[in-house]
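>>> Sequence and predicted structure below; questions after.
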Amino acid sequence: MNVLMDKQTILIVDDVELNRAILAELFSDIYHILEAENGREALDILEKDIDQVVMVLLDIVMPVMDGFEVLQEMTDRKLIEQVPVILITSENSDRAALQGYQLGVSDIINKPFNPEVVKRRVANVIELFMHKSNLEKLVGKQIETLEKQANKLNQVNNFLIETLSTAVEFRNCESGQHIKRIRHTTQILLEAMSKEYPEYALSPYHIEKISSASAMHDIGKIAIPDYILNKPGKLTSEEFEIMKAHCIRGCEFLQSIHYAQDEEYFRFCYEICRHHHERWDGNGYPDRLKGDNIPIWAQVVSLADVYDALTSKRVYKNAYSHEKAVKMILGGECGVFNPKLLKVFIKVAPVLERDLASNEEIADTEFSVCSFVPAQEVQAKQEESGLSSRTLRLLELEREKYRILSELSGDIVFNYDTKSDVLEFSEKYYDLFHRDIRIPDARDTIERSEVIHPDDRSLFLKRLTELTPKFPSCRIELRMMVPDQGFQWFEVSVNALWNTETNVECVGYLGKLVNIHERKTEANLLRKQANMDSLTELDNRKRIRERLISLFEENKKEEGAFFFIDIDNFKAINDNLGHMFGDEILRYIASEIKRKVRSTDIVGRIGGDEFVAFLRNSSSEKAVAEKARDICDLFRNTYKELIDKYNVSCSVGISLFPRDGETYEELFHNADRALYYAKERGKNGYAFYNETMGNSDFKTVLTNVVDSYQLVK
Ligand SMILES: Nc1nc2c(ncn2[C@@H]2O[C@H](COP(=O)(O)OP(=O)(O)OP(=O)(O)O)[C@@H](O)[C@H]2O)c(=O)[nH]1
């Protein structure tokens, strides 16, 4: 719509054309006129050109949409706030007037009207309305400017607070991220508290202020001497008292810069600073407040502070995992907290864990800030060692090089100091085992540790005690518990360090841990394969020989029976039923022989359809003969039809240890002779070896002496 810009526009809404014409006539010299013949049309015009229209003259009774409906719709679409409306109506009732005013009209003119009065009232309403909206715009602008200024001021304040607190952290050798994380965790906890426990009346406005004030919690550390603030070891009780004073010192500091413009904010800062070490049971400091006498904001910051301290690296400790930190807090290891707060803490724990994971990268890159050694420490080290600062620096450099090399090698390096009884691992240890890299009281801890397999632990410790200045190193294979993977094989290379003056005092151990699990399991598998008959999984010929040789060496007096077992007519099975079925029969025979002998006996397959078994502690020939008989009839149990069809069975030759031979070779040879005899006598029988079987003309002898052998059919 092309609206004339030099005149203001009014919209006349009436279904009677004559009424519209009269009004248009009245106003056309001053205003540009738009006309609508019903409510719907009027709304369309307003929706499009609301900025141009300065007044709506609205009739009440109209088809399609009456005046009240138009007003309702204008209210719903927020058009009524942008343009004044005058009702021009012949309905002269109070009810209609009231309804009109309720719906936001600026004036009501009853028909018939005096043209001059109407003109004046319309002009007045337009002027008033424009004045009002100009004022509103002005106020809006001023509010915007004020808000911008307040925001700027807030930003400057926050910046100053954070700068100041970060300066404290840098002095404290921390990363500078601590207060940012505390602020974040405080906010998360407060938001959850406000939802779960409305009784604490924590509004979003308060949450924002408290989170910002949390940055002040450790401001008092500015007054704590460096040698206490940065002491790597445990504080003495006097030092701890001085350290505890940081809560009071912080409050004094805050009072000296009292920020009068915002008393409430000052109160949050003050109370957080003073009470963030109080505990729910009254065992905190400095005022030993109990329960909800500790302001809830101080309680929340206190928990956020503890969680952050546990999950962060410090000069004296590695970062604990989220799970461990949660466990420690819930287990009361860091003092007692409000049970309601702990409930909320459990609820938001997954959010904290996620945020912690995304923070870890930043924390790692910022570690260099922490790794600078405070002047006091350097000086103390220098005095203690008597070395110059240059030498100490070079030593530090060497140590750093060594650390980087060990990290690059992928091995876990460790260092044990006998005097302090501290065992320290390289970072990789934490990555793999998820355990602290520094173990104080190492002797006790290792003796009780579940990390080393119980069967390997004492052997490992024993080997360490056997090291001498002449033989200072050893390699030990042991199993260690890796989270989610169970016990894994590691090779531990250890080098004992000796006091070079006395050469009798072991001052520590240096070593490395290499995961050899894959190599070891592969080697075990290969060894197993080299010793095993793959078809039956019995020991193979080579393994049987090794085992029997060492058995005979160890137990020269233990009597035993060597069985040489051969399947009779096995070829017929292969030929008629196939090689695969033949394999099945071989596996069956193997398992049956194993089943028939004792678990301590030795059974193997030496090739083809030939098996051996050594029955230990078998002095009774009768019992041996019974066992042999059983083996001859193995097929009777499951494969009876094969006996009828192919005449399959087993034959067994037996030689007795030590009577028929004291070596494996002798026993094997003689059992073989006996087997030959049994086969010659028609198979499916067993024969004990007899000396005549060894003769060169054995075959001739065989026919002559047959009756004297125990051949059973
Ligand atoms: N299925 C199968 N057959 C095998 C395997 N190793 C050897 N054999 C077969 O086992 C048979 C052994 O031969 P022999 O001992 O001469 O045959 P036999 O029929 O048992 O003869 P006697 O011992 O005189 O009763 C041959 O047919 C070989 O092919 C194997 O791993 N699987």
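Nice, I can see it.
>>> mind listing what F570 touches?
F570 makes contacts with G582, I585, G608, D609, V648, as judged by C-beta atoms under 8 Å, 6 or more residues apart in numbering. Heads up, the C-betas are built off the backbone N, CA and C, glycines and all.
>>> Between all of the residues you listed, which two are separated the most?
Farthest-apart pair in the contacts of F570 is G608 and V648; separation 14.3 Å (C-beta to C-beta).
>>> Break this structure down into its domains, please.
What automatic domain parsing lists as the domains of the chain is 9-140, 172-370, 411-523, 532-708.
>>> For the first one, measure first residue to last.
Using C-alpha to C-alpha, to the nearest Å, the end-to-end distance of domain 9-140 comes out at 26 Å.
>>> Which positions in the stretch 501-650 of the chain make contact with the ligand?
By C-beta under 6 Å from any ligand atom, the residues of the stretch 501-650 of the chain that approach the ligand are 535, 566-572, 574, 579, 582-583, 586, 608-609.
>>> between those, which is closest to L615?
D566 (17.1 Å).
>>> Verify the stated contact: the closest one with L675.
Yes - counting by C-beta atoms under 8 Å, D566 does reach L675; the two are 5.9 Å apart.
>>> okay, G608 and V648: which has more neighbours?
A side-by-side neighbour count of G608 and V648, using other C-beta atoms under 10 Å, places V648 first with 23 against 11.
>>> tell me the contacts of the more buried one?
I567, D568, N569, F570, A572, I573, F635, Y639, L642.
>>> I'd like to know how far the first one sits from D305.
Using C-beta to C-beta, to the nearest Å, we find I567 at a distance of 80 Å from D305.
>>> Pull up the residues of the protein that are close to the ligand.
The chain has residues 535, 566-572, 574, 579, 582-583, 586, 608-609, 679 near the ligand, with proximity defined as C-beta under 6 Å from any ligand atom.
>>> Put the buried members of those into a ChimeraX selection.
For the buried members of the residues of the chain next to the ligand, the matching ChimeraX selection, counting by 16 or more other C-beta atoms under 10 Å, is:
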select :566,567,568,569,570,582,586,609,679
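>>> Which ones among the residues of the chain next to the ligand map onto helices?
F570, K571, A572, N574, H579, G582, D583, L586, K679 (DSSP state H).
>>> Could you tell me the per-residue confidence at the fifth one?
The confidence metric pLDDT takes the value 95 at H579.
>>> for N495, helix, strand, or coil?
strand (DSSP: H, G, I helix; E, B strand; the rest coil).
>>> Just give the nearest non-adjacent residue to it, would you?
Nearest-residue entry for N495: S473, 4.5 Å, with adjacent residues in sequence omitted and distances by C-beta to C-beta, 6 or more residues apart in numbering.
>>> residues contacting that neighbour?
S473 neighbours (C-beta under 8 Å, 6+ apart): L467, S493, V494, N495, A496.
>>> mind listing what the second one touches?
Yep, that's S493 we're talking about. Shown in contact with S493 (C-beta under 8 Å, 6+ apart): S473, C474, R475, G511, K512, V514.
>>> so which of these is the most crowded?
Sorting the contacts of S493 by how many neighbours each has (other C-beta under 10 Å) puts G511 first, at 21 neighbours.
>>> so how far is K520 from the residue nearest to N495?
20 Å.
>>> To what extent is S358 buried, counted in neighbours?
Neighbours of S358 under the rule other C-beta under 10 Å: 8.
>>> residue in the chain nearest to the ligand?
Relative to the ligand, the nearest point of the chain is G582 (2.6 Å; C-beta to the nearest ligand atom).
>>> Model confidence score at that residue, please.
The predicted local confidence for G582 is 95.
>>> go on, the one 10 residues further on?
At E592, the model reports a pLDDT of 94.
>>> surely it meets R636?
No - E592 is beyond contact range of R636, at 10.5 Å (criterion: C-beta under 8 Å).
>>> Between D566 and L675, which contacts overlap?
Residues within reach of D566 and of L675 at once, by C-beta under 8 Å, 6+ apart, are S651, V652.
>>> Show the contacting residues for I643.
I643 neighbours (C-beta under 8 Å, 6+ apart): F635, R636, S649.
>>> More neighbours: which of E592 and R636?
E592 (17 against 11).
>>> that's a helix at the more buried one, yeah?
Yes - counting by three-state DSSP, E592 is part of a helix.
>>> how close does it get to S493?
E592 is 48 Å from S493, where distance means C-beta to C-beta.
>>> I'd like to check which residues are in contact with Y270.
C251, L254, Q255.
>>> Much appreciated, bye for now.
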